[in-house]
Each structure stands twice: as structure tokens, then as C-alpha cells.
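Trainee: sharing a model that was predicted from the sequence below.
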Amino acid sequence: MKDWFKKLINIKEWQKKTKIVTVIVILAIIAACILAALKPSQAQMEKQASPTMKRYIEKDKTLSRKRVTITYNDMFVINYISFSTSGADGIEEKYVGFATKIHKADSGVWGTTGQMVNYTYRMLGVGENLMHGAKLTIVLTVLSIIIGVFLGIILALGKIAKNPIISKVSSAYIFFFRGTPLLIQLFVIYYTVPGVLNFAWKNLFPGDSEAVYKGAFVAALIAFALNSGAYCAEIVRAAIQSIDKGQNEAAKALGMSYAQTMRKIIIPQSIRRMVPPVCNEFIMVLKDASLVFAISLMDITTISKTIMMQEGSYLVFIPALVIYLIITAFFTFIFNKVEKKFSVYE
């Protein structure tokens, strides 16, 4: 009776917390939509250019080589625009649009805000393809884990197989990729393998203007997937071996083969035990994805470093940290829900 009452209280508390979170999320969405509606338009932002800058812009219309560079970044609730001219007499103007007003962003609070918007926009890869910014980080992580889990299942089954050759090969693979740094593995796959086999990763995409980046992405994906496969293999092996041996014996008594036992009895039960460690592996790969800066892939880390080198502002690393934290928090929230659903202790 007491246990039932405690469970009822816990359910009510959970429902109360869920309602509070839901209300907060709805209010935040409404506030964001209102601010987005009140945000100045791009045309209004462009009109803020000084008379001198406007003369340069008008003059550019008659010239084949442009002197004025206009950068416009829209971050839904806030936007940013900058005008800059080339040459010895170059000038630069920056503005931030927020809640119906346009603020000059050359210095002070609005200057810092403008920088943050510009940096964040570029690191998110807004307006760019999947080879840029946060999109690249997420896609690389997701694909690496998907391939790694399938590879891990094969390696785990190989390691516990009765065939000594298959078992030793699988064990050697796991030992190698778990025992060497991921960065070195990335270098070997990106630099050493093409050098030995006499090919270039960019040649996989002939005639493509993004061939260098796409080739680097393929190399990074191979390195991360192979590495993740080794760690996932140990996760899968531990999950399989945690299943009571009596179930194997029962399956044999029913006349089931080893493959049928694994496919129909052992692995389905093991999946519930794999979920938490695989989720942790995902978060680890997500953070390790920053290593692709070493082969010049345009992920969050590479873009933030490039911005720092170009503009000399160390503020760029603040939005980089925040973006990583938001992505990690988002996936952690999802994984917590998945773990609760598949928990073996529910």
C-alpha cells in the first residue's frame, strides 16, 4: 500500500514538472515569435548605411569589381548587418536589429552582441551546405555511431565466437583502435593511406567545387566509424555476456542454432542493456568531432579558430562553447528519455 502511494506521488510530481516545463517552452516559443515579428527587415537594415557608404554602394552598380562587402546574418529573433569597403581608405559599419530598433554595433554592448550573432551564424553553417559548422558535427557523429554500432555487433560476435581465428582477429582490431589515439588514426587515414595507395580523397568527387571538403569528410567518417566500432564492440560484448547462460542452454534444448539463438533471444534482450553506454559513446564522439579541425574540415572548432585568426577576437570561443553545450544538452535529453523507456530496471 505504501509503495503504491509513493508511486502515485511520484507520478503526480512528474506530471507537475512536465506541465511547468511545457508552459515554459510554450512561453519561450511565443516570446521568440513575437521578437521575430518585431525584428527589422533586411531592407530596413540596409537603409542604415551612412551617406558615404551608400555612395560606395551606388558606385559599385556601375563597376565590374565590387568595393563594398555586405554581410547579413538573420538569427530569427535578432539580425546583424555589416558594410565594409576595400582599399586604403576602407571603412566599416555594423548594425544589430532587435525588437523594432536598429542599433549601431561598432563598439560597446551592441558591438559585442553583433560579433556574437555573426560568429554564431557562421559556426552553425546557416546558408551553407552540410560540410559546414554545427551541421557537419552532428551529421558526422550520427553516421559514425550508426556505422559503429553495426560494426560493433559484428566485432563483438566475432570476439566471443568459438572459431579462434575470427576471435583473435576481432580482438586485435578492438585492441588496436582502443589502444591508439583517434587523432593519429585520423591522420593515418587522411594522409598515410592515400600516400601509400597513391590516390587523393578529393578524387572521389571529380568536378565538385566542394571535393576537398567532401573527401576530408569521407576520411573523417571512416576514422570515426572504425574507432567507434571498437568501443561499441565492447559495449555489445558486455551486454551479450550479461544475459543469463541458462537462456543459451534453453535455446539449444529447443533445437535452435547459435545464429538463431543470438538473433531471436540474446541480442533482442541485450539491446536494452546497450542503450545507456551507446548513448554515452554518442556524446563522446560528438565532442571528439572537434578533432576534424586537424584536416581543415569546417566544423564548429575550425570555423571558430578561423574567425579568431581573421578578426583577432577571442570572444568567438564563447558561442562555440554554447553551441556545443546546446547540442550536447539536446541529445542528452533525448537519450535520457530513451534510457528510461528501455531501462532494464523499470
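Mentor: Good, I have the coordinates. Numbers count the residues shown, from 1 in each chain.
Trainee: my guess is residue 77 meets residue 36, correct?
Mentor: Yes - between residue 77 and residue 36 there is a contact under CB atoms under 8 Å: 5.3 Å. Heads up, the C-betas are built off the backbone N, CA and C, glycines and all.
Trainee: now the helices for the stretch 151-300 of the chain?
Mentor: Assigned by DSSP state H, counting those that start in this stretch, the helices in the stretch 151-300 of the chain fall at 164-179, 182-187, 193-197, 211-241, 245-253, 258-261, 267-288, 300-311.
Trainee: could you work out which of those reaches nearest to residue 103?
Mentor: For the helices of the stretch 151-300 of the chain, proximity to residue 103 was assessed by CB to CB; helix 300-311 is nearest, at 19.7 Å.
Trainee: need the next SSE after the closest one, C-terminal direction.
Mentor: Under the assignment DSSP states H and E, the closest C-terminal helix or strand after helix 300-311 is helix 317-342.
Trainee: report the distance from that next one to the chain centre.
Mentor: 10 Å (CA atoms, centre = their mean, to the nearest Å).
Trainee: helices or strands next to that helix in the packing?
Mentor: On a contact count with 3 or more CB pairs under 8 Å, 6 or more residues apart in numbering; DSSP states H and E, helix 317-342 meets helix 108-124, helix 133-159, helix 267-288, helix 300-311.
Trainee: what's the closest of the helices of the stretch 151-300 of the chain to residue 205?
Mentor: helix 211-241 (4.1 Å).
Trainee: got the angle for that closest one vs helix 267-288?
Mentor: Orientation of helix 211-241 against helix 267-288 (axes from the mean of the first three to the mean of the last three CA atoms, to 10 degrees) gives an angle of 140 degrees.
Trainee: in helix 211-241, what counts as buried?
Mentor: 211-237, 239-240 (16 or more other CB atoms under 10 Å).
Trainee: stretch 310-317 too?
Mentor: residue 316.
Trainee: what do you get for stretch 270-279?
Mentor: 270, 272-279.
Trainee: and those, which is closest to residue 110?
Mentor: Nearest to residue 110 among the buried residues of stretch 270-279, with distances taken as CB to CB, is residue 279, at 40.5 Å.
Trainee: state the distance from that closest one to residue 101.
Mentor: Using CB to CB, to the nearest Å, we find residue 279 at a distance of 44 Å from residue 101.
Trainee: can you pull the contacts of the residue positioned nearest the centre of the chain?
Mentor: By CA atoms, centre = their mean, the chain has its centre lying nearest to residue 138, at 2.5 Å. Counting by CB atoms under 8 Å, 6 or more residues apart in numbering, residue 138 makes contact with 286, 327.
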